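> Sequence first, predicted coordinates after that:
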Amino acid sequence: MSSVHFSGFTLPGGERDEFWVTGGAITRDRAPADARLTGWAVPGYVDAHCHVGIVADGEPDLVQGRALALDDVRVGVTVIREPGSDLDTSPLDGQPGLPRFVRMGRHIALVKRYTRGLGEQLDDPSQLVDAVRRRTAEGHPWIKLVGDWIDRSAGDLAPLWPDDVLAEAVRVAHDAGARITAHVFGEDALPGLLAAGVDAIEHGSGLTEQTIAVMVEKGIALVPTMIQIENFPSIAAPAQEKFPVYHRHMIALFERREETFRAAWEAGVAMYAGTDAGGFNVHGALPREIAALAAVMPPEEAIAAASWRSRQWLGFAGIEEGAPADLVVYAEDPRPALAAGALPAPSAVLVRGDLVPL
């Protein structure tokens, strides 16, 4: 474990600061140090939508999962919120230099209404409540539903679950102390999910003025995965001839993505950075997601959405006395570079006090 002396500036605030890292934790009591870091320190990043246990081809294993997590760590990710995985990645917890995980177990979807072979796919919507009970028994702090997907009989995105079933499923999750989130691309599934009281929406590209207002009123979070929505044209392309309505719908969601998320931000929706790595997107892409967020909110707020604000949302400390030393260090203030279009590469990353080879 590294012993480090940092002097420079910290975000949020940009104030001059000095602290030491010893025994994996931050202290402002002077301590011996093997390494000295200067520059700008940011609380370690959270990738709030990152599938270490999913790969584009084949079956993932823990060796692959560890390598993918290290790709994320090298850009400053110290916490991964893993919203659905068929691979149990819990053996990676506590390994030196790897991030901490917030897991949800397997996605809950319907047969023929999600990616083939991924997640738990139920035969009938009435089975949702029992599936949520099984998830809560597994002890995951979050549960992930697939809220909408293409309905081939309708030829477009459509909700998976009746409103009354959703309401009971959310109640069961909350009674067990779990939070619940939902994948949603389009517009139609959102009212039922928001009325049921889900805690977050993943993607949310179909948000409208009305559903944004409900999210603000109820304090429902949004993980927009903006760089995943950039993939909508390629996702929809194979369906252009057979499902033209779906194809046009996905293209429209793609084209208005910045308008949609800027409206959500300006209205006061709590937004957090997530890459949706583990399929269409490679790992280590969080700087791209932060840059995409900076197109719809101020640069420091985009960093906050990946750093201190996301950490607080998920229950992780920032740069404070006694906290685990999760840090991203830059040679210069990262905000001007982000305003110009891209985050700089970090000069150092610490995960629970360990300096990570970059």
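That came in fine, so what should we check first?

> Quick one: residues contacting the residue nearest to the spatial centre of the chain.
The centroid of the chain falls nearest to A48 when counting by C-alpha atoms, centre = their mean (1.8 Å). By C-beta atoms under 8 Å, 6 or more residues apart in numbering, the residues touching A48 are 81, 223, 272-274, 306, 310, 313-314. For glycine as for every other residue, the C-beta is placed from the backbone atoms N, C-alpha and C.

> Tell me the most packed of these, by neighbour count.
For the contacts of A48, neighbours were counted using other C-beta atoms under 10 Å, and A273 has the most, 31 neighbours in all.

> count of residues packed around P233?
P233: 14 surrounding residues under other C-beta under 10 Å.

> Pretty sure it sits against H249.
No - assessed by C-beta atoms under 8 Å, P233 is found out of contact with H249, at 12.0 Å.

> Show me what counts as buried in the strand or helix carrying V63.
If you go by DSSP states H and E, V63 is part of helix 62-73. Buried residues in helix 62-73, counted by 16 or more other C-beta atoms under 10 Å: 62, 65-66, 68-70, 72-73.

> From these, pick the one nearest L286.
Among these, D72 lies closest to L286 (C-beta to C-beta), at 6.8 Å.

> What residues of the helix or strand hosting E301 count as buried?
Assessed by DSSP H and E, E301 sits inside helix 299-306. Within helix 299-306, the residues that count as buried by 16+ other C-beta under 10 Å are 299-300, 302-306.

> separation between the nearest residue in space to V55 that is not next to it in sequence and Q121?
The shortest distance from V55 to any non-neighbouring residue, by C-beta to C-beta, 6 or more residues apart in numbering, is to Q64 (6.1 Å). For Q64, the distance to Q121 equals 23 Å [C-beta to C-beta, to the nearest Å].

> Point out where the stretch 1-150 of the chain drops to low pLDDT.
Along the stretch 1-150 of the chain, the model assigns pLDDT under 70 to no residue.

> make it 80
1-2, 56-58 (pLDDT under 80).

> could you pull out the helices for it?
62-73, 128-138 (DSSP state H, counting those that start in this stretch).

> now do the same end-to-end measure for stretch 252-272.
Start-to-end span of stretch 252-272 (C-alpha to C-alpha, to the nearest Å) is 23 Å.

> What average pLDDT does that stretch get?
For stretch 252-272, the per-residue pLDDT values average out at 98.

> Pull out the buried residues from that stretch.
Result for stretch 252-272 [16+ other C-beta under 10 Å]: buried residues 253-254, 257, 260-261, 263-265, 269-272.

> From the rest of the structure, what touches that stretch?
46, 48, 185-186, 204-207, 209, 212-213, 215-216, 219-224, 226, 229-230, 232-233, 293, 295-297, 301, 305-306, 309-310, 313.

> Ok, stretch 317-332 next?
For stretch 317-332, the external contacting residues (C-beta under 8 Å, 6+ apart) are 4, 6, 8, 10, 17, 19, 21, 24-28, 37, 39-45, 76, 78-79, 307-308, 311-312, 316, 344, 346-353.

> Quick one: end-to-end distance for stretch 218-230.
End-to-end for stretch 218-230, by C-alpha to C-alpha: 28 Å.

> typed the wrong thing, it's stretch 265-280
Start-to-end, stretch 265-280 (C-alpha to C-alpha) is 25 Å.

> same deal with stretch 132-152?
Length of stretch 132-152, first residue to last, C-alpha to C-alpha: 26 Å.

> can you start the count at 33 instead of 1 from here on
Let's use 33 as the start, then, which means that last one is stretch 164-184.

> So what's the gap between that stretch and the chain middle?
16 Å (C-alpha atoms, centre = their mean, to the nearest Å).

> Show me what counts as buried in that stretch.
164, 167-168, 172, 174-183.

> possible to save these as CSV with distance to A369?
Formatted as CSV, these follow (distance: C-beta to C-beta, whole Å):
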residue, distance to A369
V164, 43
R167, 41
T168, 43
H172, 37
W174, 33
I175, 38
K176, 34
L177, 38
V178, 37
G179, 36
D180, 37
W181, 38
I182, 39
D183, 44
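
> Inside strands: which ones of these?
Judged by DSSP state E, the subset of those located in strands is 174-178, 180-183.

> and the residues you listed, which two are the farthest apart?
W174 and D183, at 25.8 Å, using C-beta to C-beta across these.

> my guess is A253 meets A232, correct?
Yes - using C-beta under 8 Å, A253 makes contact with A232 at a distance of 4.2 Å.

> Name the SS class of Q344, please.
Classification of Q344 by DSSP: H, G, I helix; E, B strand; the rest coil places it in helix.

> Next up, the contacts around it.
G350.

> any idea of the pLDDT on it?
98.

> The host helix or strand of G224: which residues count as buried?
G224 belongs to helix 222-228 when assigned by DSSP H and E. The neighbour-count check on helix 222-228 (16+ other C-beta under 10 Å) flags 222, 224-226, 228 as buried.

> Which of the residues you listed sits closest to P276?
Comparing the buried residues of helix 222-228 against P276 with C-beta to C-beta places L222 closest, at 23.2 Å.

> which non-adjacent residue is nearest the closest one?
Closest to L222 by C-beta to C-beta, 6+ apart is T243, at 4.5 Å.

> Correct me if wrong: the one you found contacts A221.
No - here T243 does not reach A221: they are 10.0 Å apart, not a contact under C-beta under 8 Å.

> before we move on, the earlier item: can you put the buried residues of helix 222-228 in JSON lines and add pLDDT and distance to L198?
Below are the buried residues of helix 222-228 laid out as JSON lines (pLDDT from 0 to 100; distance: C-beta to C-beta, whole Å):
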{"residue": "L222", "pLDDT": "98", "distance to L198": "11"}
{"residue": "G224", "pLDDT": "98", "distance to L198": "5"}
{"residue": "L225", "pLDDT": "98", "distance to L198": "6"}
{"residue": "L226", "pLDDT": "98", "distance to L198": "10"}
{"residue": "A228", "pLDDT": "98", "distance to L198": "4"}
